[in-house]
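got a sequence here, can you build the structure:
(one chain, ligands or ions: 1)
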Amino acid sequence: SKFLIASTSEIYGDPEVNPQNEEYWGNVNPTGFRSVYDESKRFAEAITMAYHRKHNIDIRIARIFNTYGPRMRLDDGRALPNFMMQALKGEPLTVYGDGSQTRSFCYVDDLIEGIIRLYKSGINEPVNLGNPDEVSILNFAREILDITDSDSGIEFKPLPEDDPKVRRPDITKAKKLLNWEPEVSREEGLKLVLEYFRNEISRNSN
Ligand code: UDP
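Predicted coordinates for the structure are as follows:
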């Protein structure tokens with residue numbers, strides 16, 4: 001059997017290089033607020049590689065960057081569900097810090113295609129999967145205001161500790177080895193996921 005682990009861009013921590021390719025070892029605070037997640041995922045990669053080397057297990061390591069789509073949780077505190085819910089309810093969008101930190105959001109269908117291609121491949125090493133289209137969080141909030149046609153404003157709140165300042169996948173490896181790259185633009189993806197949030201709000205209010 002093959003063993004595929006859903007790893008994460010968090011293994012790169014608060015990266016000192018941008019974009020991040022698979023050769024970069026990361027910059028993680030081992031005792032910081034995000035460290036239990038970051039370090040456990042790093043350990044998961046380490047033990048997966050060890051089992052591959054020692055016991056010849058046929059492994060895959062998908063390093064998944066920020067992903068969104070229908071059926072994501074409404075209240076897990078991430079930027080996209082927070083902004084969508086706030087915009088649709090007419091509440092101010094809570095941007096942490098000055099909003100200059102960046103992320104790169106991948107639509108779920110693209111990610112799944114990447115995972116399936118990785119699974120079917122014979123690649124026994126980490127592969128980044130994500131959308132390289134990088135945006136600042138402030139501009140992302142503005143895009144959501146625009147797409148929802150909302151007149152909610154923006155409210156700035158303190159930046160959480162160890163919040164990565166930049167994040168963007170280098171997907172050269174996935175392009176070359178899996179012949180994969182995302183096809184859904186952020187504009188298209190946000191429109192698709194907006195439908196889901198609208199439906200959830202009307203379902204919950206009935
Ligand atoms: N963020 C924000 N307002 C929110 C939720 C998140 O400004 O209401 C910021 C957060 O500080 C981070 C970015 O948006 O810089 C992405 O946060 P998220 O939790 O979605 O993902 P992650 O930090 O794990 O990439």
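
neighbours of the nearest residue to residue 161 once chain neighbours are set aside, just the number please.
Excluding its sequence neighbours, the residue lying closest to residue 161 (C-beta to C-beta, 6 or more residues apart in numbering) is residue 33, at 4.7 Å. Placement of C-beta: from N, CA and C, glycine included. If you count neighbours by other C-beta atoms under 10 Å, residue 33 ends up with 12.

please apply the same query to residue 110.
Around residue 110 there are 20 residues (other C-beta under 10 Å).

list the contacts for it?
Applying C-beta atoms under 8 Å, 6 or more residues apart in numbering to residue 110 gives the contacts 131, 182-184.

just send those residues back as JSON lines, with neighbour count and pLDDT too.
Shown next, in JSON lines, are the contacts of residue 110 (neighbours: other C-beta atoms under 10 Å; pLDDT from 0 to 100):
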{"residue": "131", "neighbour count": "28", "pLDDT": "98"}
{"residue": "182", "neighbour count": "24", "pLDDT": "98"}
{"residue": "183", "neighbour count": "11", "pLDDT": "98"}
{"residue": "184", "neighbour count": "18", "pLDDT": "98"}
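
out of those residues, list just those in helices.
Taking DSSP state H as the definition of helices, those contribute nothing to them.

list just the nearest of those residues to the ligand.
Ranked by distance to the ligand (C-beta to the nearest ligand atom), the contacts of residue 110 are led by residue 131 at 12.9 Å.

surely that closest one meets residue 108?
No. With contacts counted by C-beta atoms under 8 Å, residue 131 stays clear of residue 108, the gap being 10.8 Å.
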